[in-house]
Structure formats: C-alpha cells, structure tokens
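Peer 1: I need the structure of the sequence given here:
(one chain, ligands or ions: 1)
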Amino acid sequence: MSGEIFKAPTGTHDVLPPESARWQALEATFAAIVGAAGYGQLRTPLFEDASVFHRVGEATDVVRKEMYDFEDKGGRRVALRPEGTASVVRAFVQHRPTAVPWKVWYSAPMFRYERPQAGRYRQHQQLGLEALGSDDADLDVEVISLQASFYAALGLRRVLLLINSLGDGNCKPQYLDALGAYLDERRSDLCDEHRQRAAENPLRVLDCKRSACIEATRNAPRMVDHLCGPCKDHFERVQAGLRALGLTFAIETRLVRGLDYYTRTTFEFQATALDSAQNAIGGGGRYNGLVESLGGPPTPGIGFGSGVERVLLACDAEGVFATPAARVDVFVVDVAGGAEARDLTAALRAAGIAADRAFDARSMKSQMKSADRSGARLALLVGEDEVAASSVTIRHLRGEVPQEQVPRADVIDRVRSLLS
Ligand code: HAM
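Peer 2: Below you'll find the predicted structure:
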C-alpha cells in the first residue's frame with residue numbers, strides 16, 4: 001500500500017451516522033416551526049457571482065478576508081457563499097415575487113476562511129430565514145420569536161437574547177460621525193488593528209474583544225441614544241412585542257454584528273453554556289437597504305441565521321436533544337444464507353416496515369450483534385429449520401418476551417401487530 005491518507009480539509013468535518021440523524025432531526029424541527037408560520041424553503045446555489053457578496057459587505061472581514069472566491073474555468077469571479085442573506089436577496093431581485101412579505105427559510109452550508117477552533121469552522125451549516133417586503137415591527141417580533149421557539153423546542157434553556165437598533169439611513173450616518181469623532185480622539189488607545197481601520201468601519205471597534213478597544217470605547221456614543229423618531233418608535237414596538245410574547249431580552253448597545261447591511265433591529269442569541277468565543281448560536285437583523293443595493297426596488301427585509309454546529313454544541317453542554325435512537329424496526333438475521341432473507345427483507349420494506357439485514361452469511365453471534373446495534377426491536381431469524389418449515393422466528397431484542405416461530409405467510413401481519 002502506498003499513498004497519502006486524505007482527511008477532510010482543515011476547518012471542515014464529516015457528519016457520520018448516527019450523528020447525522022441528529023442533524024436531520026434538527027432541520028425537521030426547524031422546518032416544522034417556521035413552516036407553520038408561513039415560511040417556505042428556498043434553495044439557492046452554493047456559489048454566486050462574487051460581486052453579490054462584495055456589494056453587500058465590502059468593509060467586513062467575512063467578505064474581504066474570509067471569502068472563498070476564485071475564477072472559474074470560464075473566467076468568471078465566483079464565491080462560495082459565506083452567508084445566506086445576500087443569496088436570498090439576489091434571488092428576490094431576480095424572481096420578483098409579488099406576494100410580500102416573501103417568507104423563506106434555508107438550510108445551507110456557508111464557507112468562511114477563518115482560523116478554525118471549537119465552534120468556528122471553514123464550512124459551517126446555517127438554518128435561517130428571511131422575510132422581505134415589510135417594515136412592520138411585528139415582523140421583527142415574529143422573526144425573533146421563531147428563533148426563540150426553535151431553541152426552546154430543542155430543550156435549550158440557557159439562552160440569552162440580546163437586541164439593539166442600528167438606526168436607518170437617516171440617523172445612522174449622524175451616529176457614525178459622532179462615533180468616528182470619538183474614536184479619532186482616542187486612536188492611540190485602540191488595538192493595533194483598529195488604530196488602522198477605525199475610520200473605515202467605526203462600528204467594528206464596538207465589537208472588538210481586545211481589552212484596549214473595550215477600555216477606549218467604554219464611554220463611546222451609543223446608537224440607541226441617536227435614533228431618529230421613527231427608528232425609536234420601531235425599536236420600542238419591537239421591545240413591547242417581545243415582552244407581550246413573554247420573551248426575556250437585554251439591550252446590548254455594542255451589538256453591531258459582523259455584516260454591514262443591518263439597519264434598525266439587530267439581535268443575537270447566546271448560549272451561556274458555551275465559551276464566549278463561540279457562544280453566538282444565531283443572530284440576525286433588519287436590512288432595509290439591501291434589496292436596493294443589489295439592484296431591486298426599495299424593499300425592507302429581516303432575517304436570522306443560526307449555526308447548526310454551535311446549536312448542537314449548546315445542546316451537548318445542556319444535555320438536551322440527544323441523537324435519535326432506533327433506526328430500523330426489524331433486523332433480518334440470515335443463518336440459512338439463501339434467498340429467503342433477501343425476499344423477506346424486501347417484503348418487509350414493501351410493507352412499510354423499516355428493516356435492515358446482515359450480509360455475507362456471518363456467524364449467528366455476529367449477526368445478532370449487528371441486530372442489537374441497529375436499534376431494531378425485533379430480529380427475524382431465517383435458519384435452515386425455518387426455511388424447511390416455511391417459517392420465520394421472531395426474537396424480541398428489548399424486554400423478556402419469548403421468541404415465536406410464525407408461518408412465513410403471516411410474518412408481515414405479526415410483525416406489524418408486535419410493533420404497534
Ligand atoms: P452571522 O452572525 O455571521 O450572520 O452567522 C449566523 C450564525 O452562524 C452565527 O451566529 C453562528 O451561530 C454561525 N456561524 C457563523 N460563522 C461560523 C463559523 N465560522 N463556524 C461555525 N458557525 C458559524 C449571518 O450569516 C447573517 N446572514 C444572518 C442573517 C440572516 N441576518 C439577517 N438575516
């Protein structure tokens with residue numbers, strides 16, 4: 001044997017069974033909750049024209065530093081999507097759905113060239129949703145509450161909801177001027193990175209986790225104090241709505257988020273059971289200018305994305321939403337090594353009974369081990385005696401129930417009644 005043993009690329013991971021069943025269950029839980037609120041699934045390509053992302057996030061690390069972008073064989077600049085919102089907005093502008101709000105959800109891998117660590121990967125999976133075409137504060141409340149319902153349905157309890165408002169095209173520029181002037185006076189106190197970059201994107205400084213920036217911005221102007229009348233009203237309506245639904249939240253005036261497109265409401269859910277470096281299990285906000293920036297008509301929008309890997313880490317930390325158990329109902333043990341096991345398995349499956357079987361006429365002991373591992377409740381034994389008598393032995397794998405031999409012609413009905 002020669003040659004290299006390949007591994008999944010750095011920062012990526014395989015999801016093997018049975019863990020993958022947990023991923024499926026997670027997506028099913030999400031789909032059920034948001035589907036029942038009128039959201040339909042949107043599936044967009046994994047890659048887009050790189051300009052789609054440049055247009056919406058030129059000043060952000062996600063787009064500037066972390067994007068997997070490259071030229072394809074036709075000389076087009078494309079990028080693996082680093083996040084879902086830009087693709088959804090691109091699809092909205094392309095297809096111009098007439099019924100608004102256009103409410104869609106997605107389950108999709110995202111690609112960011114980050115430094116991998118626990119809870120931070122180069123490919124991660126997001127469950128998210130977007131609603132385009134309404135600026136109603138009740139829609140903000142709907143979106144945030146659906147995300148909260150998702151976490152609650154998983155059994156997560158140690159989850160903190162943080163909200164903020166970043167204002168709009170009217171008040172945000174004035175606030176950025178005030179923040180810029182404040183930072184300008186303290187430039188020498190900022191961390192190395194932000195000493196250079198504060199002017200370009202002053203909001204990022206508020207999000208910086210380095211102590212120099214935290215210290216220097218302790219008394220920085222806060223967006224919530226600079227909101228114009230309509231933004232203030234909107235933010236108050238969102239808070240009243242959350243309270244009315246019994247959702248506990250805290251206003252975090254430093255919550256600016258890693259993408260540039262946000263206006264008005266922003267929010268993040270943090271799992272307090274996780275380390276602060278990767279405790280953001282999901283976040284989102286309004287982006288009332290994004291559709292226009294991608295060439296569409298003025299259209300408000302709001303949504304969130306939630307990281308599957310982090311949500312599952314939080315579930316592990318809280319001991320909830322375990323990997324689902326049984327995979328099949330019955331397991332066919334083939335001691336005879338003939339056609340009977342093949343035909344019996346096919347008949348079971350055709351009757352809608354989840355069935356697996358052993359191959360290669362392995363020893364009875366080894367097949368029974370496989371039967372146990374399969375999670376099945378019943379083992380159907382086909383040995384020489386059974387073949388001779390046109391019968392099957394049904395052995396119970398859980399509990400102390402005696403085994404029984406039933407005629408082959410009755411086995412489907414008997415299995416069905418034992419399983420029900
Ligand atoms: P984001 O905060 O960049 O927002 O990502 C959403 C979530 O994805 C994060 O809260 C986190 O759970 C997860 N996540 C992000 N990066 C990684 C990573 N490298 N490894 C593991 N998990 C990660 C967005 O992407 C926006 N598109 C959300 C949104 C939707 N805003 C409005 N609509």
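
Peer 1: wait, what's in contact with residue 240?
Peer 2: Listed by Cβ atoms under 8 Å, 6 or more residues apart in numbering, the contact set of residue 240 is empty. All C-beta atoms are positioned from the backbone trio N, CA, C, and that covers glycine.

Peer 1: Make sure it is indeed in a strand.
Peer 2: No. Under DSSP: H, G, I helix; E, B strand; the rest coil, residue 240 sits outside any strand and is assigned helix.

Peer 1: distance of it from residue 396?
Peer 2: 57 Å (Cβ to Cβ, to the nearest Å).

Peer 1: How about residue 173?
Peer 2: 71 Å.

Peer 1: Comparing these two, which residue is more hemmed in?
Peer 2: residue 396 (14 against 11; other Cβ atoms under 10 Å).

Peer 1: For the more buried one, give its distance to residue 324.
Peer 2: Taken as Cβ to Cβ, the span from residue 396 to residue 324 is 21 Å.

Peer 1: Kindly report the same for residue 7.
Peer 2: Separation of residue 7 from residue 324 (Cβ to Cβ) stands at 28 Å.

Peer 1: So for whatever residue of the stretch 101-250 of the chain ends up closest to the ligand, what's the pLDDT?
Peer 2: Going by Cβ to the nearest ligand atom, the ligand is nearest to residue 124 of the stretch 101-250 of the chain, at 3.4 Å. On pLDDT, residue 124 comes in at 98.

Peer 1: Ok, residue 1 next?
Peer 2: The model's pLDDT for residue 1 equals 56.

Peer 1: which stretches of the stretch 251-400 of the chain form helices?
Peer 2: 290-293, 308-318, 339-350, 364-373, 384-388 (DSSP state H, counting those that start in this stretch).

Peer 1: And those helices: which comes nearest residue 101?
Peer 2: Across the helices of the stretch 251-400 of the chain, residue 101 has its closest neighbour in helix 290-293 (12.0 Å, Cβ to Cβ).

Peer 1: Between residue 7 and residue 324, tell me which one has more neighbours.
Peer 2: More neighbours surround residue 324 than the other of residue 7 and residue 324, with 12 against 9 (other Cβ under 10 Å).

Peer 1: Spit out the contact partners of the closest residue to the more buried one other than its chain neighbours.
Peer 2: Closest residue to residue 324 apart from its sequence neighbours, by Cβ to Cβ, 6 or more residues apart in numbering: residue 21 at 4.9 Å. When contacts are counted by Cβ under 8 Å, 6+ apart, residue 21 touches 323, 324, 327.

Peer 1: okay, the angle between the helix or strand in which residue 34 is found and helix 308-318?
Peer 2: Here residue 34 sits within helix 19-35, counting by DSSP states H and E. Going by axes from the mean of the first three to the mean of the last three Cα atoms, to 10 degrees, helix 19-35 is angled at 100 degrees with respect to helix 308-318.

Peer 1: coming back round to it: tell me how far the residue nearest to residue 324 lies from residue 14.
Peer 2: Counting by Cβ to Cβ - residue 21 and residue 14 are separated by 14 Å.

Peer 1: if we can go back for a sec, can I assume the residue of the stretch 101-250 of the chain closest to the ligand is in contact with residue 305?
Peer 2: No. Taking contacts as Cβ atoms under 8 Å, residue 124 lies outside contact range of residue 305: 9.7 Å.

Peer 1: Can you check which residues contact both of those two?
Peer 2: Shared contacts of residue 124 and residue 305, defined by Cβ under 8 Å, 6+ apart, comprise residue 110.

Peer 1: The nearest residue to residue 409 once chain neighbours are set aside and residue 148: what is the separation?
Peer 2: Leaving aside its chain neighbours, residue 409 sits nearest to residue 390 (7.7 Å; criterion: Cβ to Cβ, 6+ apart). Separation of residue 390 from residue 148 (Cβ to Cβ) stands at 58 Å.

Peer 1: For those two, indicate the residue with more neighbours.
Peer 2: Neighbours were counted for residue 390 and for residue 148 using other Cβ under 10 Å; residue 148 has more, 22 against 10.

Peer 1: Tell me which residue of the stretch 151-300 of the chain lies closest to the ligand.
Peer 2: residue 284 (3.6 Å).

Peer 1: Show me what that residue is bridged to.
Peer 2: Assessed by DSSP bridges, residue 284 has beta-bridge partners residue 267, residue 304.

Peer 1: check contacts around the residue nearest to residue 189 when sequence neighbours are not counted.
Peer 2: Distances taken as Cβ to Cβ, 6+ apart place residue 216 nearest to residue 189, at 4.0 Å, with adjacent residues excluded. Residue 216 makes contact with 183, 186, 189, 190, 205 under the criterion Cβ under 8 Å, 6+ apart.

Peer 1: would you turn the helices of the stretch 251-400 of the chain into CSV with distance to the ligand?
Peer 2: Listed next are those as CSV, based on distance: least, Cβ to the nearest ligand atom, whole Å:
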stretch, distance to the ligand
helix 290-293, 9
helix 308-318, 4
helix 339-350, 37
helix 364-373, 31
helix 384-388, 52
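
Peer 1: For the helix or strand hosting residue 416, the averaged confidence score.
Peer 2: Per DSSP H and E, residue 416 falls inside helix 411-419. Averaged across helix 411-419, pLDDT comes to 97.

Peer 1: hang on, isn't the residue of the stretch 151-300 of the chain closest to the ligand packed against residue 301?
Peer 2: No. In this structure, residue 284 is not within contact of residue 301 by Cβ under 8 Å, at 10.3 Å.
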